[in-house]
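**Student:** Predicted structure and sequence below. I'll ask about it afterward.
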Amino acid sequence: MSNRVLLTGISGWIAKHIAIELLNSGYEVIGTVRNTDLIEQTKKTLASQNTPLEKLSFVELDLLKDDGWNEAAKGCKYIMHVASPFPLKTSRNREGLVPAAKDGTIRVLKAGVNAVVERIILTSSIVAMFRKQNRTNPYTFGENDWSDASWSGCNDYFVSKTKAERAAWDFMESKGLKNKLTSICPGGVFGDALDTKEKTSISYIKLFLQGKYPGAPNFGVLISDVKDIAKAHVLSLTKPNVGGRRLIVGSEVKKMIELSKIMAEALPDYAKKLPKKELPNFLVKIISHLDTSAKMMVPDLGIKMQTDASYAEELLGFKFKPAKGCVEEAAKSVVRLGLA
């Protein structure tokens, strides 16, 4: 069997970085796209990074439809399911993203089981781990923790990621194949934007650099370098002890005001536009009624997040990079691409 990987949602930001890592490592990649219009832009971005494209092909597939998934997975040794909706704005319909996230995940897993692939890597998130009622402060979470999707503090994105990952583990366990699945759980993802296609964490960087935030919300999150995430996905294909594990990828928790300082030092010309102080929590809550991108942070305002990802570093065999470098890279790529 060839080293063929079915990579879902290849036109997405994280998936492009994964495709670069896979192709540079000699894997054959079949990338899925929602529509064929995304193919040329994706190829152009990958080529701009001097990525070899000889082993890259594409297939048009819909996560909401059964058609074509079994055929696409046939002959593949591995599957990476990266595609998932992640909007900047939250919706009042907390279940709105679930069909594409949860049902889509099960479609992909079924195709993988039918094709008897060796391993399936699922891109999840720490949002499936850390949000629940009555947390301590500081709040520590790890790979055995789950967000409470029934709690009103979980918005549509949190609900979709939590339900999709839970469904994935339940499905693989029901088939006796739990050890064929590994989930990768990054925090806030930063690094080279690669191109101008909209991506949520890069949008926050853009808003900061444009001076749209008068102050920084009192909100902290685990920072994950997009290249570390890509490397973790690819290494998980062959590392012996990652089956059945949820791997948290990220080295440091940083508050928004700290990210602002990193960007100001990296881009002095933008320092005046960047927030210098934290906003009171009550003010962020008021703003969240007008700006739903702020609403995503409200349940975690003032809560100090803590986690230890050293177990994932040991399993994968490499150290995750500090937050500073990928935040700088994200900010500089936003300016380079003319987004700020």
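**Tutor:** That came in fine, so what should we check first? Numbers count the residues shown, from 1 in each chain.
**Student:** contacts and neighbour counts: CA atoms only from here.
**Tutor:** Fine.
**Student:** The helix ranked longest in the chain - contacts with which helices or strands?
**Tutor:** Within the chain, and with DSSP state H defining each element, the longest helix by residue count is helix 156-174. If contacts are counted by 3 or more CA pairs under 8 Å, 6 or more residues apart in numbering; DSSP states H and E, helix 156-174 sits against helix 98, helix 104-114, strand 181-186.
**Student:** Could you dump the ones you listed into JSON lines with mean pLDDT and distance to residue 70 added?
**Tutor:** Listed next are the helices and strands packed on helix 156-174 as JSON lines, based on pLDDT from 0 to 100; distance: least, CA to CA, whole Å:
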{"stretch": "helix 98", "mean pLDDT": "77", "distance to residue 70": "22"}
{"stretch": "helix 104-114", "mean pLDDT": "96", "distance to residue 70": "5"}
{"stretch": "strand 181-186", "mean pLDDT": "98", "distance to residue 70": "18"}
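**Student:** deepest of those, which one?
**Tutor:** Ranked by mean neighbour count under mean count of other CA atoms under 10 Å, the helices and strands packed on helix 156-174 are led by strand 181-186, which reaches a mean of 24.
**Student:** Contacts for the helix or strand just after that one next, please.
**Tutor:** For strand 181-186, the following helix or strand on the C-terminal side (DSSP states H and E) is strand 188-190. The contact list for strand 188-190, computed with CA atoms under 8 Å, 6 or more residues apart in numbering, reads 201-202, 221-226, 326-327, 329-330.
**Student:** List just the nearest of those to residue 301.
**Tutor:** For those, the closest approach to residue 301 (CA to CA) belongs to residue 221, at 10.6 Å.
**Student:** May I see the buried residues of the helix or strand bottoming out on mean pLDDT in the chain?
**Tutor:** Using mean pLDDT, DSSP states H and E, helix 292-295 stands out as the lowest-scoring helix or strand of the chain, at a mean of 74. Buried residues in helix 292-295, counting neighbours by 16 or more other CA atoms under 10 Å, are found at 293-295.
**Student:** likewise stretch 198-210?
**Tutor:** In stretch 198-210, counting by 16+ other CA under 10 Å, buried: 199-206, 208-209.
**Student:** And the helices in the stretch 1-150 of the chain?
**Tutor:** Listed in chain order, the helices found in the stretch 1-150 of the chain under DSSP state H, counting those that start in this stretch are 13-24, 37-48, 69-73, 98, 104-114.
**Student:** The last one to strand 181-186, inter-axis angle?
**Tutor:** Relative orientation of helix 104-114 with respect to strand 181-186: 140 degrees, computed using axes from the mean of the first three to the mean of the last three CA atoms, to 10 degrees.
**Student:** For helix 104-114, name the packing helices and strands.
**Tutor:** Counting by 3+ CA pairs under 8 Å, 6+ apart, helix 104-114 packs on helix 69-73, strand 78-81, helix 156-174.
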